[in-house]
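Student: Prediction below, plus the sequence it came from.
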Amino acid sequence: MTQPRPVASVDTEFDSREFPDLAELCRVYDIGLELIERCDDLETLLDLVLDEYERRLAELPGDALDARAGEGAPHGSQKKLRALVMFASQASALKQKAVAAGEIRRRAAALEDANRKLAAALDEAQGSNARLDAVLDAAPTGILIASHDGSIRRANRAAAELIGAEGPEACEGRAIPAFLEGARTGADSEIAFEDPAGERRVVLVARRRLANGDEVVALGDVTRRYAEIEERHRLEKLSEILKTLSVLSHKINNPLTALLGRAQILRARQGTDPSVVKAAEVIEDSAVRIADLIRELARVVKEGRQEAVDRILDMGPTAASAEGGVE
Amino acid sequence: MRYERIDDGGVAVLRPTGADALDTSCAAALKDLAAAAFREGRDVVVDLAEVRFVDSAGVGALVSVFKGARSHGRRAAFCGLHAGVRSVLTVIRLDQILEIRPDTESAVRAFTLGVGAGLDA
């Protein structure tokens, strides 16, 4: 059921005037058009309001604002005072509106600025992340990032290869490999293990706890370096053995030469007992065989030493860096 | 009426004394004193504690001081308002326009700390 429309009483004053334009509206409400037009420019608005205040106050007689003068004030003064009060009300409302608009603009600008900075920071962070991904991917050292429950959050290519995964993505969600259990968090360790292909691998492991509870694990594969160092040590030992053999052959050769010479003299001497000659022949034959053996040994020693030295020289820089790397 | 001026750092406190009315007879002097303080690069606090009546010229002087502050890039505040003075400013809405503080100390502190700077003060 619709409510009856209120009906104005006969005593109610209705202002039925229509305002053809804004200038007319301003005249009726005693407010400057410029004030309205500048109400979005707070500084100008306030200057205009203050100028208008000054002008209108100057037009008032001194006692127009005095409550003691009351209704006794001249009609013209009362009219000007009413006009001032009306202007002041409108100006005050405009100022409040402009303050609010200014605040909204200020906050919007601050928000926009913050958004711009945030977007720039995001771009920068994404760029940094991409660079980090590229560096991690290219790094020869395996890097794993594990959450506090021991599952892998992220891994690079080298780490994936070490733990036998298809690629970095295949590592995500997996448990940290069992061979890392021997490496203590906060310390550096050297771990030897058998990789999924059954080959013995040696890795240097550094485990560090991050501030958020995650853990970063660095894996340096030193298997090849260790093999090179072992080979170098073996060749050095071989070289030493060959050197000893060389010395030994020299030591044997000197008395052997004397022995051979004496046996030959004894065999050649006229009138020597045939049994002595026979014995001298046996000694001479044996000495010759020993001398052959010594010569053969000397040749082997010479060639072997040269080969060992060559190989050590060939792998020298690699092995040296390997040792440094392992250190 | 005469004026006392007390400088507190970068703030000049102007205090009308010796009479209870800020009217045509002393409004111009207030404007001049404030203008001098602004030229020195000081903010101005007008302490109206002894003023019980303002006429249109007195109110005009307050508006002029406030305008002067703005034109010099300084601040002006009005404090110690008696009820009669406050009521006049309220009627013509100048309480919404001018920076009004309860007392000198709070005005000086607001200036020193930069509190309420700007148009929404």
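Tutor: Yep, that arrived.

Student: contacts and neighbour counts: CA atoms only from here.
Tutor: OK.

Student: which SS class is the residue positioned nearest the centre of chain B?
Tutor: Closest residue to the average C-alpha location of chain B: residue B:46 at 3.1 Å, with CA atoms, centre = their mean. For residue B:46, the assignment made with DSSP: H, G, I helix; E, B strand; the rest coil gives strand.

Student: Just list the residues touching it, thanks.
Tutor: Neighbour list for residue B:46: B:13, B:14, B:15, B:76, B:77, B:78, B:79 [criterion: CA atoms under 8 Å, 6 or more residues apart in numbering or on different chains].

Student: Give me the pLDDT value at the first one.
Tutor: pLDDT for residue B:13: 96.

Student: Report how many residues lie close to it.
Tutor: A total of 26 residues lie near residue B:13 under the criterion other CA atoms under 10 Å in any protein chain shown.

Student: Verify the stated contact: it with residue B:42.
Tutor: No: Residue B:13 is beyond contact range of residue B:42, at 9.7 Å (criterion: CA atoms under 8 Å).

Student: After the helix or strand containing residue A:154, which helix or strand is next? Please name it.
Tutor: Take DSSP states H and E as the rule and residue A:154 turns out to sit in strand A:152-155. Heading C-terminal from strand A:152-155, the first helix or strand you meet, by DSSP H and E, is helix A:157-162.

Student: Render the CA-only coordinates of that following helix in CSV, please.
Tutor: Extracted in CSV, the C-alpha atoms of helix A:157-162 (Å, rounded to 0.1, in the frame of the first residue of the first chain):
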residue,chain,number,x,y,z
ARG,A,157,71.2,-29.2,-12.9
ALA,A,158,74.5,-30.3,-11.2
ALA,A,159,72.6,-31.5,-8.1
ALA,A,160,70.0,-33.3,-10.2
GLU,A,161,72.9,-35.1,-12.0
LEU,A,162,74.5,-36.1,-8.7
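
Student: Which strands or helices does that helix pack on?
Tutor: helix A:75-138, strand A:142-146, helix A:168-171 (3 or more CA pairs under 8 Å, 6 or more residues apart in numbering or on different chains; DSSP states H and E).

Student: Give the rounded mean pLDDT of the shortest one.
Tutor: Read that as helix A:168-171. Averaged across helix A:168-171, pLDDT comes to 88.

Student: Do you have the strands of the chain handy? List them.
Tutor: Going with chain A. Ranges of strands within chain A are A:142-146, A:152-155, A:188-194, A:200-209, A:215-221, based on DSSP state E.

Student: right idea, wrong chain: chain B
Tutor: Using DSSP E, strands in chain B cover B:2-8, B:11-17, B:21-22, B:43-47, B:53-54, B:76-79, B:100-101.

Student: Dump those strands into JSON lines; add distance to residue A:149 as well.
Tutor: Below are these laid out as JSON lines (distance: least, CA to CA, whole Å):
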{"stretch": "strand B:2-8", "distance to residue A:149": "64"}
{"stretch": "strand B:11-17", "distance to residue A:149": "64"}
{"stretch": "strand B:21-22", "distance to residue A:149": "79"}
{"stretch": "strand B:43-47", "distance to residue A:149": "64"}
{"stretch": "strand B:53-54", "distance to residue A:149": "78"}
{"stretch": "strand B:76-79", "distance to residue A:149": "63"}
{"stretch": "strand B:100-101", "distance to residue A:149": "61"}
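
Student: Comparing those strands, which comes out most buried?
Tutor: Counting by mean count of other CA atoms under 10 Å in any protein chain shown, strand B:43-47 has the highest mean neighbour count of these, with a mean of 28.

Student: Around chain A, which positions in chain B sit nearby?
Tutor: B:23-24, B:53-57, B:59-60, B:63-64, B:67, B:88, B:91-94, B:96-97, B:119-120 (CA under 8 Å from any CA of the partner chain).

Student: are any of these buried, and which?
Tutor: With burial judged by 16 or more other CA atoms under 10 Å in any protein chain shown, the buried subset of the residues of chain B next to chain A is B:23-24, B:53-57, B:59-60, B:63-64, B:67, B:88, B:92-94, B:96-97, B:119-120.

Student: For residue A:140, what are phi and psi?
Tutor: Taking degrees, to the nearest 10, you get phi -70, psi -20 for the backbone angles of residue A:140.

Student: ugh, typo on my part, it should be residue B:9
Tutor: According to degrees, to the nearest 10, residue B:9 has phi 60, psi -120.

Student: how near is it to chain A?
Tutor: The spacing between residue B:9 and chain A, counted by CA to the nearest CA, to the nearest Å, is 27 Å.

Student: OK, contacts around the residue lying closest to residue A:209 once chain neighbours are set aside?
Tutor: Spatial nearest neighbour of residue A:209, chain neighbours left out: residue A:215 (4.4 Å); criterion: CA to CA, 6 or more residues apart in numbering or on different chains. Residue A:215 makes contacts with A:145, A:146, A:147, A:148, A:207, A:208, A:209, as judged by CA under 8 Å, 6+ apart.
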